[in-house]
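# Predicted coordinates and the sequence they were generated for:
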Amino acid sequence: MEKVKGEIENAEKEREELWNMLSDRIKRLYEKLVATKGSAVARATNYTCQGCFTGIPPQLFLEIKKGERIMQCPFCGRILYYWEESSSDEG
């Protein structure tokens, strides 16, 4: 139990450090999305936003996969990210 508490504390500390690195604009966007949608970030998988389960246009999906800038779902507005699963993650 102590190990888990320590891991949680470390994760919270890391989150705080990352939060402080964000621009004010991104912080406001994140807080607005949490307040209105309940979650601000969603995974983009198979050309679909996993926040609203709406199809993502192919060009936007490719931009999300690149991960060079913050991209939002054109339908629900959530910040989208792409995480490629390795074959060991599946099944």
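Thanks, I have it.
# Surely residue 56 touches residue 50?
No: with contacts defined as C-beta atoms under 8 Å, residue 56 does not count as touching residue 50, sitting 10.1 Å away. Yep, even glycine has a C-beta here, placed from its N, CA and C like the rest.
# With neighbour numbers in mind, choose between these two.
Applying other C-beta atoms under 10 Å to residue 56 and residue 50 shows that residue 56 carries more neighbours, namely 21 against 17.
# thinking again about what came up before, kindly point out which residues are neighbours of both of residue 56 and residue 50.
residue 44 (C-beta atoms under 8 Å, 6 or more residues apart in numbering).
# How many residues are close by residue 54?
Neighbour tally, residue 54, other C-beta under 10 Å: 13.
# for the one 5 residues further on, same thing?
As a burial measure, residue 59 scores 8 neighbours (other C-beta under 10 Å).
# quick one, longest strand in this structure?
For the chain, the strand with the greatest residue count under DSSP state E is strand 41-45.
# Show me what secondary structure element comes after that strand.
Following strand 41-45 in sequence order, the next helix or strand is strand 48-49 (DSSP states H and E).
# Off-centre distance for that next one?
Here the centre of strand 48-49 is set off from its chain's centre by 12 Å, with C-alpha atoms, centre = their mean, to the nearest Å.
# begin at 14 from here
That works, and once the first residue is 14, the last one we named lands at strand 61-62.
# pLDDT (mean, whole number) over it?
Mean pLDDT, computed over strand 61-62, is 98.
# how near is residue 64 to residue 33?
25 Å (C-beta to C-beta, to the nearest Å).
# Show me which of these two is the more surrounded one.
residue 64 (22 against 8).
# State the three-state secondary structure for the more buried one.
Classification of residue 64 using DSSP: H, G, I helix; E, B strand; the rest coil returns coil.
# List the residues that contact it.
By C-beta under 8 Å, 6+ apart, the contact set of residue 64 is 50, 52, 54, 55, 86, 89, 91, 93.
# For the closest residue to the fifth one other than its chain neighbours, give its distance to residue 16.
Residue nearest to residue 86 in three dimensions, not counting chain neighbours: residue 62, with 4.2 Å by C-beta to C-beta, 6 or more residues apart in numbering. When distances are taken as C-beta to C-beta, residue 62 and residue 16 turn out to be 36 Å apart.
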